[in-house]
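Novice: Predicted structure and sequence below. I'll ask about it afterward.
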Protein chains: 2
Amino acid sequence: MVKAKKFILSRHFVGFPQPGDLQLIEEELRPLKDGEFLAQALYLSVDPYMRKYANTIPLQSTMVGTQVAKIVDSKNDKFPVGKFVAAPFGWRTFTISNGEPAARGVPVLLLPDMGDLPLSLAIGVLGMPGNSAYFGFLEILHPQAGETIAISGAAGAVGSHVGQIAKIKGLKVIGIAGSDEKGRFLTKDLGFDHFINYKTEDISQTLQEIAPEGVDLYFDNVGGEVSDAVLTNMKDFGRVSACGSISGYNDAKPQGPLIQPTMVAKQLKMQGFQNVGWRHRWSESFEQNLEWIKEGKLKYKETVTEGFENMFNAFTEMLQGGNTGKAIVKV
Amino acid sequence: MVKAKKFILSRHFVGFPQPGDLQLIEEELRPLKDGEFLAQALYLSVDPYMRKYANTIPLQSTMVGTQVAKIVDSKNDKFPVGKFVAAPFGWRTFTISNGEPAARGVPVLLLPDMGDLPLSLAIGVLGMPGNSAYFGFLEILHPQAGETIAISGAAGAVGSHVGQIAKIKGLKVIGIAGSDEKGRFLTKDLGFDHFINYKTEDISQTLQEIAPEGVDLYFDNVGGEVSDAVLTNMKDFGRVSACGSISGYNDAKPQGPLIQPTMVAKQLKMQGFQNVGWRHRWSESFEQNLEWIKEGKLKYKETVTEGFENMFNAFTEMLQGGNTGKAIVKV
């Protein structure tokens, strides 16, 4: 009999997530039925969206999230023992699945051979954050070579990826994040043109210096004061891709600068998106991102926490900006 | 020698406009040069955008605004005596013009024969508000018959016009405004399907009752709490036309609910616009709006203040929602 560990939601988050909001329990799994397989988690993802999404699921549910898992038993020919999947199984060590999509239509992906690359990339640069970066940048913003883009949350999994695609596409890239160490990563390692430390610099003033004619595009992961400063420094008819708004995730009714006056004055266009909107095209982003990695054009960084028991700590660290690149937990 | 009265900006507005912010003075006009004409104001417009736009012009400038004026002297064959113009001359009784566009590229329009219709319509339903309604609704939202639209500031010049075009195009129309009298005007006189009084009703709750599947489109004149309530009741992939944000005009750094989380969660698209963006197509909206008026499909209402000296009062009344339909001043 296989025992699975899992985190269930005891309380919906109010303010910043507290340890007692989740509960780590064990359950005994039943035998497999025909068409099912058993997957053992190897790497689990912690992402900003979970803070908000968790409050939409019922209490006692398994905490939401994707993982890379190894198929260790199977009664489903399409998912044979020894293969790997990237799947929305949530925060749990073992999962019985029939391979069908889970909540939000997120599919269970059988991973192709990834050669020398770490399997964990399937929940990072080749997974959901990679899909968000690829489609949220290219399909929402329709970037043109020579344009200038500002990216908030620039050192995170999605932001650092967007900036690199922007460089591949010939844009001038300005990253905004919260430490000079992240800034060095962005400019030295990833080739961003500029970095602004929002904790120590006046974003608006710095933007006026490095992009005096305004920025064309803004890829927003944070919302709030940072976004207000960027919006007021955009060119007329600028385009904004709204990927997330981590600055407001821990407030029940987050308040911030009213952005509509700037939207009107500069005739801006803002579009919110979720990567699941393009799930029928995920193979395209997977393959393109993989090709860019192999060509050395797309770099990735992971902040790894060891131990399934430490999922909650990894999650809250990430919410506080403790990660550079993709935050993952290795079981 | 012609004496012109004009309001000049003594102080930029801080908070709600104060009487001392503007100064009513007289000036003697010089004789006309070749190519110029003299225009006498008949009707002047007071509009929400002026609150914000005034703070971008130099002190001692004439307060911004459009007017309908009669040509009373001319050394320009294109603008003969006896004809009328709609022009961005600002808050003044007499103006010397060469017919060239003024600030923001707003043209001086020689008015065609308007038959029995009042000339004041050229700064209302056939002027800038009419252009905002026509293009800001049709070109930004691309409405489809059968869709549901919510409109804030619905009893104002632009909002009441948008709702009527929406009815012409086969949409279900929900107007939001601040008095039941305005509500009766919208539903009884203009044919809106529903009205929500934001001062006495819970917008979110009422929207859930009258549009349980969510609204497709939102035409926003106000921003702030009202807009937050509408956005959270939109369908996924809803479209928002941001025309104005009067709720924040009187604050130096207006704060309000953070809208980005909703933009992302519902994958909404929001676009800010200014009618001057379509100034090369204003004849199209003029003619179409005129045709709808003649067909009885487009009704208009004016809130008229008598006397040029009362411009400031008319302006602040309008900012407080005292008008239904277009607020104008008759000289």
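Specialist: The structure has been received and is ready for your questions. Numbers count the residues shown, from 1 in each chain, chains lettered A, B, ... in the order given.

Novice: need the residues of the stretch 101-250 of chain A near chain B, please.
Specialist: Of all the residues in the stretch 101-250 of chain A, those in contact range of chain B (CB under 8 Å from any CB of the partner chain) are A:Asp220, A:Gly223, A:Gly224, A:Ser227, A:Ala242, A:Cys243, A:Gly244, A:Ser245, A:Ser247, A:Gly248, A:Tyr249. C-beta: built from backbone N, CA, C; applies to glycine.

Novice: Could you dump the residues you listed into a markdown table and include secondary structure and pLDDT?
Specialist: Output for these, formatted as a markdown table (DSSP: H, G, I helix; E, B strand; the rest coil; pLDDT from 0 to 100):
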| residue | secondary structure | pLDDT |
| --- | --- | --- |
| A:Asp220 | strand | 97 |
| A:Gly223 | coil | 92 |
| A:Gly224 | helix | 92 |
| A:Ser227 | helix | 96 |
| A:Ala242 | strand | 97 |
| A:Cys243 | coil | 95 |
| A:Gly244 | coil | 89 |
| A:Ser245 | coil | 85 |
| A:Ser247 | helix | 79 |
| A:Gly248 | helix | 77 |
| A:Tyr249 | coil | 75 |
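
Novice: what's the distance between A:Gly321 and B:Ala252?
Specialist: Separation of A:Gly321 from B:Ala252 (CB to CB, to the nearest Å): 29 Å.

Novice: scratch that, A:Ile246 is what I was asking about
Specialist: Using CB to CB, we find A:Ile246 at a distance of 26 Å from B:Ala252.

Novice: re the thing from before, tell me which of A:Gly321 and B:Ala252 has more neighbours.
Specialist: Regarding A:Gly321 and B:Ala252, a neighbour count based on other CB atoms under 10 Å in any protein chain shown identifies A:Gly321 as having more, with 17 against 9.

Novice: Assign that one to helix, strand or coil.
Specialist: Applying DSSP: H, G, I helix; E, B strand; the rest coil to A:Gly321 yields a three-state assignment of coil.

Novice: Over to A:Lys5?
Specialist: Using three-state DSSP as the criterion, the local structure at A:Lys5 reads strand.

Novice: Which stretches in the stretch 51-200 of chain A count as strands?
Specialist: In the stretch 51-200 of chain A, the segments counted as strands under DSSP state E, counting those that start in this stretch are A:67-74, A:84-87, A:94-97, A:109-110, A:148-152, A:172-177, A:194-197.

Novice: Pull out the buried positions in stretch A:186-195.
Specialist: Burial within stretch A:186-195, assessed by neighbour count using 16 or more other CB atoms under 10 Å in any protein chain shown, is assigned to A:Leu186, A:Thr187, A:Leu190, A:Phe192, A:Asp193, A:His194, A:Phe195.

Novice: which two from those residues end up farthest apart in space?
Specialist: Taking CB to CB, the two most distant members of the buried residues of stretch A:186-195 are A:Leu190 and A:His194; they sit 12.1 Å apart.

Novice: quick one, helices of the stretch 51-200 of chain A?
Specialist: Counting by DSSP state H, counting those that start in this stretch, residue ranges of the helices within the stretch 51-200 of chain A are A:128-141, A:157-168, A:180-184.

Novice: Any regions of chain A where pLDDT drops low?
Specialist: A:103 (pLDDT under 70).

Novice: The same query, at a cut-off of 80, please.
Specialist: Along chain A, the parts satisfying pLDDT under 80 run over A:102-105, A:247-252.

Novice: Domain-wise, how is it divided?
Specialist: A:2-117+A:301-330, A:128-275 (the TED database).

Novice: Out of those domains, flag the one nearest B:Gln60.
Specialist: Set against B:Gln60 and scored by CB to CB, these come closest in domain A:128-275, at 23.1 Å.

Novice: Verify the stated contact: A:His142 with A:Arg239.
Specialist: Yes: look at A:His142 against A:Arg239 with CB atoms under 8 Å: they come within range, at 7.4 Å.

Novice: between those two, which one's more packed in?
Specialist: Residue environment comparison for A:His142 versus A:Arg239 gives the larger neighbour count to A:Arg239, 21 against 10, counting by other CB under 10 Å.

Novice: Can you classify that one as helix, strand or coil?
Specialist: In the three-state summary, A:Arg239 is assigned as strand, counting by three-state DSSP.

Novice: Excluding sequence neighbours, find me the nearest residue to the most centrally placed residue in chain A.
Specialist: Relative to the mean C-alpha position of chain A, the nearest C-alpha, by CA atoms, centre = their mean, is the one of A:Pro129, at 3.7 Å. Counting by CB to CB, 6 or more residues apart in numbering or on different chains, the nearest residue to A:Pro129 once its immediate chain neighbours are dropped is A:Ala157, at 3.7 Å.

Novice: Just to check, A:Ala242 is in contact with B:Lys266?
Specialist: No: the pair formed by A:Ala242 and B:Lys266 falls short of the contact definition of CB under 8 Å, at 10.6 Å.

Novice: tell me, what's touching those two both at once?
Specialist: When contacts are counted by CB atoms under 8 Å, 6 or more residues apart in numbering or on different chains, A:Ala242 and B:Lys266 are jointly contacted by A:Gly272.

Novice: These two: who's more crowded?
Specialist: Neighbours around A:Ala242 and B:Lys266, counted as other CB under 10 Å, are more numerous at A:Ala242. The numbers are 27 against 19.

Novice: who's in contact with the more buried one?
Specialist: Contact analysis of A:Ala242 by CB under 8 Å, 6+ apart lists A:Asp220, A:Gly223, A:Met270, A:Gln271, A:Gly272, A:Phe273, B:Gln260, B:Met263, B:Val264.

Novice: do the same with A:Ser247
Specialist: A:Ser247 makes contact with A:Val222, A:Gly223, A:Gly224, A:Glu225, A:Val226, A:Ser227, A:Pro254, A:Gly256, B:Leu258 under the criterion CB under 8 Å, 6+ apart.

Novice: Quick check: the third one touching B:Leu258?
Specialist: This means A:Gly224. Yes: under the criterion of CB under 8 Å, A:Gly224 lies in contact with B:Leu258, with a separation of 6.3 Å.

Novice: what residues are shared contacts of the two?
Specialist: Where contact means CB under 8 Å, 6+ apart, the residues bridging A:Gly224 and B:Leu258 through contact with each are A:Ser245, A:Ser247, A:Gly248, A:Pro254, A:Gly256.
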